[in-house]
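Student: With the sequence up front, the predicted model follows.
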Amino acid sequence: MMNETIVVATRLPQEDAELLKRVCDARGENMSNFLRRALKTELARLSYYPPEVKKALGIQTQVEKAEVAVS
């Protein structure tokens, strides 16, 4: 079964929209993918995703932070 998607519209200040476009163009990425990843990263930082997803997004888990602090 495929995940259903919905369209979420948002408003951005013009300078943020222009910066978003420049960053996406420089990275060769479309704005939708960039925004999906940014949203997922923030939700992972807020612990709405399991550790495996956090790791895939490059976010340290509490265990990893503790291991770094001990070493």
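Tutor: Arrived safely.
Student: Now for this structure, the helix or strand with the poorest mean pLDDT.
Tutor: Lowest on mean pLDDT, DSSP states H and E among the helices and strands of the chain sits helix 62-70, with a mean of 70.
Student: Now the one helix or strand V53 maps to: average pLDDT?
Tutor: Per DSSP states H and E, V53 falls inside helix 51-56. Helix 51-56 shows a mean pLDDT of 92.
Student: Where does pLDDT dip in the protein?
Tutor: 1-2, 63-66 (pLDDT under 70).
Student: need the helices for it, in chain order.
Tutor: Remark: helices assigned in the chain by DSSP state H are 14-27, 31-45, 51-56, 62-70.
Student: Please name whichever of those is nearest to N3.
Tutor: helix 31-45 (11.7 Å; Cβ to Cβ). C-betas here are computed from N, CA, C, even on glycine.
Student: measure S47 to R36 for me?
Tutor: 19 Å (Cβ to Cβ, to the nearest Å).
Student: same deal with V68?
Tutor: Taking Cβ to Cβ, one finds V68 at 28 Å from R36.
Student: Between these two, which is the more surrounded one?
Tutor: Counted by other Cβ atoms under 10 Å, V68 and R36 do not tie: R36 has more neighbours, with 12 against 9.
Student: Return the backbone torsion pair for the nearest residue to V68 once chain neighbours are set aside.
Tutor: Nearest residue to V68, sequence neighbours excluded (Cβ to Cβ, 6 or more residues apart in numbering): Q60, at 7.4 Å. Backbone torsions for Q60, taken as degrees, to the nearest 10, come to phi -70, psi 140.
Student: ok, Q60 to V8 distance?
Tutor: Distance, Q60 to V8, by Cβ to Cβ: 28 Å.
Student: Between the two, which has more neighbouring residues?
Tutor: Taking other Cβ under 10 Å, Q60 and V8 do not tie; Q60 has more neighbours (14 against 7).
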